[in-house]
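1. Fold the stuff below for me.
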Amino acid sequence: MFLTTKNKNECCGCKACEQICSQNAIRMVCDPEGFWYPEVDVDKCIGCKKCLQVCSFNADINCIVQEQKVYAAWHKESRVRDRSSSGGFFFEIAKKVIENNGKVIGAVFDDKFIVKHIVVDNLRDLGRLLRSKYVQSDTSGIFKLTKKLINNGDTVLFSGTPCQIEAVYSYLGSKPENLITCEVICFGVPSPQIYRGFLDYLEKKYKTDITDINFKDKSYGWENYRTRILFKNGRLFSEFPKDSYSRMMNARLSTRPSCDVCNMHNGSGLADFTLGDFWGIEKYGLKNIPKNGVSFVKVNSTTGYNMWQCIKDFFEHQLITNFLPSKNNVIANNLRTSFYLDLRNKGYAYVADTYFKSWRYRNIIAKSKFLIKSKISLCFKWILNARK
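-> From the prediction side, this is the model:
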């Protein structure tokens, strides 16, 4: 693990070690790429080794993986799907927990659009937890708070990346009965530093502050989602098919080093639910698939199955018995070193332009294909309506 080896592949930045330390001897500091790593104050350290024990790269997670079932599901209310990244599954399970006086923990944008984990206990604030946030979330203090709520007897729904789910189990020492967990399918978390650089770049370009961010705007359909950012002066950033920030993530230039060696991109299976977009759902024979999202729901435990039974009537759903998980051959980008050197010395605008010039032409081609396809679709609809 990183605390002993200093190998960045062995730290996911979950901050569990910082929170377990009773002497406040550990603080998380950012490296030149903008990722958090633990730093120990040897003068404060008493050698208890709790930080080593809690690290998910070393801990033995006491959680039994049971028979798993995969569902394609989408909320029957279109407005719920519109507010969600995919089919609206997380909204309904979180609503159920809150209605039963439980607490929901997940990632939100704060007033400066920093992404962090918070606790929500009312339906009014639940909307803040919806939608994808493509950056590593700050979990400072959240495991301590989770443990306090669990010990108080509260039912807690905790959502996060697979490594964050492992971290909360490790911090608690087991999987309590009053803890429900949802892990998101994750292909790597981008650097908060690059995320901030992207936002600063756009605010400078549009000459005003950002007022809203949606990394999965489905105005043109779920399969044609794009990043949509609204500014104080009313201007709108909406780029298709991929903006520079998304391209950096997909090229594995902005993602955390440990993500390149992670074996949980399709979920760990330790959480009660594994959630994501059900891409390729049409090959499983489903009909009348909505244009605004379908959830991939993998139920991994008895707790998860019992919760699913409580909320399944809110969804159109189908059990997928022949599901084949995709193979994710993650390869680290050999341009990473030069990329971060140029980012530090020349800024975000330079790397966005220099490293992705070919994408300009791809964007033009993709936009043209999309417009042509849309026009053809409209013509067919006009002809069918005319025949009626």
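
2. In the helix or strand encompassing C163, which residues are buried?
-> If you go by DSSP states H and E, C163 is part of helix 162-172. Neighbour-count burial for helix 162-172 flags P162, C163, Q164, I165, E166, A167, V168, Y169, S170, Y171, L172 (criterion: 16 or more other C-beta atoms under 10 Å). For every residue, glycine as well, the C-beta is placed using N, CA and C.

3. after the stretch of helix or strand F237 belongs to comes which helix or strand?
-> Taking DSSP H and E as the criterion, F237 maps to strand 236-239. Downstream of strand 236-239, the first helix or strand assigned by DSSP H and E is helix 244-250.

4. which residues does E203 contact?
-> D209, I210, F231 (C-beta atoms under 8 Å, 6 or more residues apart in numbering).

5. and the second one, what is it in contact with?
-> Same thing as I210. F113, L199, L202, E203, I229, L230, F231, K232.

6. at 7 Å what do you get?
-> I210 makes contact with F113, L199, L202, E203, I229, F231, according to C-beta atoms under 7 Å, 6 or more residues apart in numbering.

7. Rebuild those as CSV, extending it with pLDDT and distance to R252.
-> Formatted as CSV, the contacts of I210 follow (pLDDT from 0 to 100; distance: C-beta to C-beta, whole Å):
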residue, pLDDT, distance to R252
F113, 97, 24
L199, 97, 21
L202, 96, 22
E203, 97, 26
I229, 97, 23
F231, 97, 29
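
8. Top of those residues by number of neighbours, please.
-> I229 (23 neighbours; other C-beta atoms under 10 Å).

9. residues in contact with whichever strand or helix holds that residue?
-> Remark: I229 resides in strand 226-231, with elements defined by DSSP H and E. Outside strand 226-231, the residues that touch it by C-beta under 7 Å, 6+ apart are 202, 206, 208-215, 217, 236-240, 243, 246.

10. same check, this time on stretch 163-182
-> Contacts of stretch 163-182 (C-beta under 7 Å, 6+ apart): 12, 14, 16, 19-20, 54, 56, 59, 61-63, 90, 97, 139, 143, 146-147, 150, 153-159, 183, 264, 268, 270-273, 275, 303, 307.

11. Let me know the secondary structure of V104.
-> strand (DSSP: H, G, I helix; E, B strand; the rest coil).

12. bridging residues for it?
-> V120, L157 (DSSP bridges).

13. Would you map the helices across the chain?
-> Taking DSSP state H to define them, one finds helices in the chain at 2-5, 16-20, 50-54, 78-83, 89-99, 123-126, 142-151, 162-172, 192-206, 244-250, 302-311, 336-346, 348-354, 357-387.

14. Kindly reformat these as a markdown table containing distance to N288.
-> Converted to a markdown table, the helices of the chain look like this (distance: least, C-beta to C-beta, whole Å):
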| stretch | distance to N288 |
| --- | --- |
| helix 2-5 | 49 |
| helix 16-20 | 44 |
| helix 50-54 | 47 |
| helix 78-83 | 13 |
| helix 89-99 | 18 |
| helix 123-126 | 28 |
| helix 142-151 | 40 |
| helix 162-172 | 32 |
| helix 192-206 | 37 |
| helix 244-250 | 30 |
| helix 302-311 | 21 |
| helix 336-346 | 44 |
| helix 348-354 | 40 |
| helix 357-387 | 17 |
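
15. which stretch among these comes nearest V330?
-> helix 244-250 (11.4 Å; C-beta to C-beta).

16. Now the closest one: average pLDDT?
-> The average pLDDT for helix 244-250 rounds to 91.

17. Out of the contacts of stretch 163-182, which end up buried?
-> Buried subset of those (neighbour count, 16+ other C-beta under 10 Å): 12, 14, 16, 19-20, 54, 56, 59, 63, 90, 97, 139, 143, 146-147, 150, 154-159, 183, 264, 268, 270-273, 275, 303, 307.

18. neighbours around Q23, how many?
-> So Q23, with other C-beta under 10 Å, has 13 neighbours.

19. Who does C30 form a beta bridge with?
-> W36.

20. my read: it touches G13, true?
-> No. At 9.7 Å, C30 and G13 do not qualify as touching, with contact defined as C-beta atoms under 7 Å.

21. residues in contact with T155?
-> T155 touches V97, N100, G102, N178, counting by C-beta under 7 Å, 6+ apart.

22. for the chain, what helix or strand is lowest in average pLDDT?
-> helix 357-387 (a mean of 52; mean pLDDT, DSSP states H and E).

23. Which pLDDT value goes with V29?
-> The model reports V29 with a pLDDT of 97.

24. Could you report the neighbour count for it?
-> 9.

25. Nearest spatial neighbour of C14, chain-adjacent residues omitted?
-> Leaving aside its sequence neighbours, C14 sits nearest to A167 (C-beta to C-beta, 6 or more residues apart in numbering; 3.7 Å).

26. distance of that neighbour from Q19?
-> 9 Å (C-beta to C-beta, to the nearest Å).

27. any shared contact partners between these two?
-> Joint contacts of A167 and Q19 (C-beta under 7 Å, 6+ apart) are F143.

28. separation between F90 and A167?
-> Separation of F90 from A167 (C-beta to C-beta) stands at 19 Å.

29. Pull the contacting residues for V40.
-> L3, A25, I26.

30. Quick one, grab the pLDDT at the last one.
-> Confidence at I26, expressed as pLDDT, is 97.

31. number of nearby residues for it?
-> By other C-beta under 10 Å, neighbour count at I26 equals 20.

32. Identify the residues contacting it.
-> C17, E18, P38, E39, V40, C51.
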